[in-house]
Every structure is written in C-alpha cells, then in structure tokens.
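Enquirer: sharing a model that was predicted from the sequence below.
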Amino acid sequence: MRLGTSTAVVLLVLAGCAAQGADDGTAGRWPDPLDRDDDSTGGDRTGPERCDDGLDNDRDGGIDEECPCPTGTMQDCYAGDPSHAGVGACAWGRQSCLGSGEFGTWATCKEWVSPEPETCDDGSDNDCDGAVDETCSCAPGALRPCYGGPAWSEGVGECRGGMQACLESEAGTVWGDCVGAQLPNAELCDGRDNDCDGFPDEDCGCEQGTGQACYGGPEGTRNVGECRDGLQSCLAGDEGETAAWGECLGWNGPHTDTCDGLDNDCDGTTDQGCVCLPGTVQACYDGPAGTRSVGPCRDGTQTCSANLTGSEWGPCTGESLPGTESCSDGADNDCDGLADCDDWADCSSVCCTPEVCGDGRDNDCDGRVDCADTQCCGYAACFGSPSCGPLDCCVPGTWRWCDTPTYCSWGRQQCRPDGRWGSCEETSSRPAGCGTWYYSPSCCVSAGACCQNYPYDDSSIGSCGGIAQPCV
C-alpha cells in the first residue's frame, strides 16, 4: 500500500512500535490509516468524515467527499466498512482526484475488496475480522499454512505466511492463531519493502540525485540464487514536498524453478522437482534385462518436458522390443542370443527329433551329440565310448522298457536282428505299479521287468533273462 507523503513521520513512529511486537500473526497488521493523523478518535474509523484517510467515515457512500485534493493525484481508498480496510482479504483500492483547476474532488474508489463469508480450509481471513478460519472444524493437531494479510501482499517484500494448528475447545475443534506470519508494516526506510506493496522506501526522504540498493522480494530470498538487488534513485518532489525514493528498478525476485540448472525460486536449492532439462533427448529401452541390443532389439528415444512440479521424461518411442521366436526365419526374434532350432527352450517342439548318430548334431536337444548321447551306444562307431559304459547286447525280437530321449518319458525298445537295441519309442503304457509319466529305472526293476539302465549307461538291468546277452 502506498500512503501519502504527508504521513511519513507518523508511519516511522508506528514502525518503531510494530517492531517491538511479537510475531504471532497479528504483529505487523496493515497500518491503520487513522493512525496517520493525530486526533481524538481513539482509533475509531467511523464518525464525521475525515480528510486524507481514504475511508467513508460517516458511511454515506462517499470518501473524503468534502475534502479538496490536488488535481491529478491519487490515494488509497476503501468504500466499505472502515473497520475492514486492509484487514485479511479486504484490500484497499485507488481513487483519483479529478478537476479542471488546481484542486479537484475525489472520484469513485476502484478495485477495493469487500468481506466474504469465511471459507474453510483456505488459510485466509475472508471475512476480514482479523482471524483465519475461526469457525471451521478440523482434525486435532493438524497443521496448515495461513496468512491474515491482504491476499496480494503475501510473498511480496517482507510479507510471508505462517502456520496454524487445529485446537480442541469446548465447542469442538477450531483453527488457532496464525503463528509466524509477517504482515505489512509501515515503511522503515531501510531499503526493504516493509509495507509489501512492491515499492521499497517509497515515502522516505532522501538526498536528490543519490541512489541505493533495493529489493522487493520475500524475506530470505535477497541475493539467494537468481534473486538480485535493484537500484532506486532519489527523485525531486513536487513543490513543497521533500525528495523521495523512486521505484526499485532492475531487481529480480523468485520465480518457479524451470529445470535449467539455476535456483530460480531462490530457496538455496537448484531445480528441485526436476529430473531432467526440458528439451533434452536420451536413449531408452523398456525391454527385459539382458535383451537390449541383442538380435533385432534396439533402443528408442525419449524427450524431457516440463510439468507442474518440475520436469519428467516422456514416453520411449521408436524402440524395438523382443517378440516370439519363429523357429524358422533365421532370426533371434526374442533377443535371447539364440535363433530358431538353437533356441531349445522355445523351439524344441518344432526342431527336436530323435538323435541321428554320426551327423554331428544334437538332434534330440538334450545337450549331447552322437557318441556322447547314450541313444547312440548301439551305433558301431560308438562302441567303447565313455558315455556308453559296459555295453550288452540282446536277443533279436525281444524288448525292454527305456527312457525316451526328448521328454524322459516311458518308452519301449526292441532288439534288432543284429542283436543291438533299436530306438526308444514313446508309449502310454507302464510297468505294473509305475504311475508317473517320467521313466524310472528303479520302479521298472521293482515291477520285475527288463529295463534300460538310464541315465548311467545303456546296459540292461532287472529281470532280463532270455532278453539281454553278452556281446560277441
């Protein structure tokens, strides 16, 4: 609030008194315009109309209507109940002195704010009675920010909000006093914006032509981060008036952090809430671990963008993720480093066949090739192979139980005309008492049958009389 220069001396006295008060949210209340004049009203703002206070003292709808004013000047004004002026959300307005001669009359007061019913949980004094949310219930012990001064003054100059606690009373729960808030004070001529109107020391006398550093931002932000002082010059006053400090020019106050590596909001912390610098681009990949850049899988890109709380990385676009292995196109579709029939886990049902001895391939996909696979122990080139152990031959036309090479299930194996065991063919039958689907040599022997000694070697065990015989 910018007050008339005729009140500067009284305001300085008021400021000294306010500085001694406790900072409980009521100390530093908006300066009472009536305190600018030395009268006997005792601080009552109503009564006969009083000049130069910008109030409708006699409540007749006019402000200083019988008071001449210098044409072209302006003053702060309030057209409502004088007791509400400058209290809580009830902000002062402005009015101009209009006329054709040296002196004119005050025009209509504009942009003043009248009281509203108290709105709970907004931390403001809506009804302009000096208390914040005084009739609102709350949860005992809860805390919230609050501010009892004009809404436009919070965070301007020296003004800052406080905290309010929920208290229990006989009538229930209520919000207590707003503690720690700093409301507008009279200017102290200290280079700061004490009355929180954006103009430091605007009513303070000075030596014409001099200058001083000034700052119009919140307390605690001066020369922090990107916040910097400005400069104001001492300007000559009108005829009969002393020189006064002009507008503070060039100062920089807090702004919302923009994720640019600077402390824009002047809180001593750089880019809080920011995870990246807006506009930057980085590689990204959303596929499973171990598949990035394997086979056809490739990175995409994502771009950093600003949001309400800082910044964030956008979606990953253009990436190539694992698919289903086709088992026939020569490509590693699922990006596991194995293609088609080399990918046993995905392609065994398509690619795996009974072992073909002597072709140098693991046809049955059990990790063993040719003579290293016990399925080839009857193959002449594999006789004596360490994987086959002591071989025995068989009586042509007889059969025994065996383990199928692909699924480890029960199979039947017939002795060939050359006295060697043929391939193990899967069967749905089982020896009596063997109910599991997988081959069990111990259960086979217990059932009194002739059985392959899998997985140790290809010899016959169990009741093999007339079936197995030494090889000659």
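Expert: Here it is on my side, so go on. Residues are numbered from 1 along each chain as shown.
Enquirer: any idea how the chain splits into domains?
Expert: 5-106, 383-469 (automatic domain parsing).
Enquirer: mean pLDDT lowest where, among those?
Expert: If you rank those by mean pLDDT, domain 5-106 sits at the bottom with a mean of 67.
Enquirer: this protein: helices as residue ranges?
Expert: 8-18, 344-351, 441-446 (DSSP state H).
Enquirer: separation between the closest residue to Gly80 other than its chain neighbours and Asp263?
Expert: What sits nearest to Gly80 in space, not counting adjacent residues and going by Cβ to Cβ, 6 or more residues apart in numbering, is Ser114, at 4.9 Å. Just so you know, the C-beta spots here come from the backbone N, C-alpha and C atoms, and that holds for glycine as well. Distance, Ser114 to Asp263, using Cβ to Cβ, to the nearest Å: 39 Å.
Enquirer: and those two? Which one has more around it.
Expert: Taking neighbours as other Cβ atoms under 10 Å, Ser114 and Asp263 compare with Asp263 leading, 19 against 13.
Enquirer: I'd assumed Thr269 was in contact with the more buried one.
Expert: Yes. Asp263 is in contact with Thr269 according to Cβ atoms under 8 Å; the separation is 6.5 Å.
Enquirer: any low-confidence regions in the stretch 101-250 of the chain?
Expert: Scanning the stretch 101-250 of the chain for pLDDT under 70 picks out 203, 237-242.
Enquirer: swap in 90 and give it another go.
Expert: Residue ranges of the stretch 101-250 of the chain with pLDDT under 90: 101-105, 107-108, 110-111, 117-127, 129-158, 160-161, 164-180, 183-226, 231-248.
Enquirer: still on that earlier bit, now the domains of the chain as JSON lines including mean neighbour count and distance to Trp152?
Expert: Listed next are the domains of the chain as JSON lines, based on neighbours: other Cβ atoms under 10 Å; distance: least, Cβ to Cβ, whole Å:
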{"stretch": "domain 5-106", "mean neighbour count": "17", "distance to Trp152": "6"}
{"stretch": "domain 383-469", "mean neighbour count": "17", "distance to Trp152": "81"}
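Enquirer: which of the ones you listed sits closest to Leu235?
Expert: Counting by Cβ to Cβ, Leu235 lies closest to domain 5-106 out of the domains of the chain; the figure is 11.9 Å.
Enquirer: how about Asp64, what does it touch?
Expert: Glu49, Arg50, Cys51, Asp52, Asp53, Gly54, Leu55, Gln75, Cys77, Trp106 (Cβ atoms under 8 Å, 6 or more residues apart in numbering).
Enquirer: farthest-apart pair in the residues you listed, please.
Expert: Glu49 and Gln75 (14.3 Å).
Enquirer: pretty sure Gly295 sits against Asp329.
Expert: No. The pair formed by Gly295 and Asp329 falls short of the contact definition of Cβ under 8 Å, at 11.6 Å.
Enquirer: that older thread, TSV please, covering the domains of the chain and showing distance to Trp175.
Expert: TSV is the format used below for the domains of the chain (distance: least, Cβ to Cβ, whole Å):
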stretch	distance to Trp175
domain 5-106	11
domain 383-469	73
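Enquirer: closest to Glu202 out of those?
Expert: domain 5-106 (8.9 Å).
Enquirer: show me the contacts of Asp64 that map onto strands.
Expert: Among the contacts of Asp64, the members found in strands (DSSP state E) are Gln75, Cys77, Trp106.
Enquirer: list the contacts of the last one.
Expert: With contact set as Cβ under 8 Å, 6+ apart, Trp106 has these partners: Ile63, Asp64, Glu65, Cys67, Cys69, Gln75, Cys77, Gln95, Ser96, Cys97, Leu98.
Enquirer: again, but for the second one
Expert: For Cys77, the set of contacting residues under the criterion of Cβ under 8 Å, 6+ apart consists of Gly54, Leu55, Ile63, Asp64, Trp92, Gly93, Arg94, Gln95, Trp106, Cys109, Trp112.
Enquirer: who's it bridged to?
Expert: Taking DSSP bridges as the rule, Cys77 bridges to Gly93.
Enquirer: tell me how far stretch 94-107 is from the chain's mean position?
Expert: Chain-centre distance of stretch 94-107: 54 Å, with Cα atoms, centre = their mean, to the nearest Å.
Enquirer: thinking again about what came up before, isn't the residue nearest to Gly80 right next to Trp92, touching?
Expert: No. Using Cβ under 8 Å as the test, Ser114 is too far from Trp92 to be in contact (11.7 Å).
Enquirer: find residues that contact each of the two.
Expert: Counting by Cβ under 8 Å, 6+ apart, nothing touches both Ser114 and Trp92.
Enquirer: looking at Gly295 and Asp329, which one has more neighbours?
Expert: Legend: neighbour count by other Cβ under 10 Å for Gly295 and Asp329, higher for Gly295 (19 against 10).
Enquirer: nearest residue to that one other than its sequence neighbours?
Expert: Asp332 (3.3 Å).
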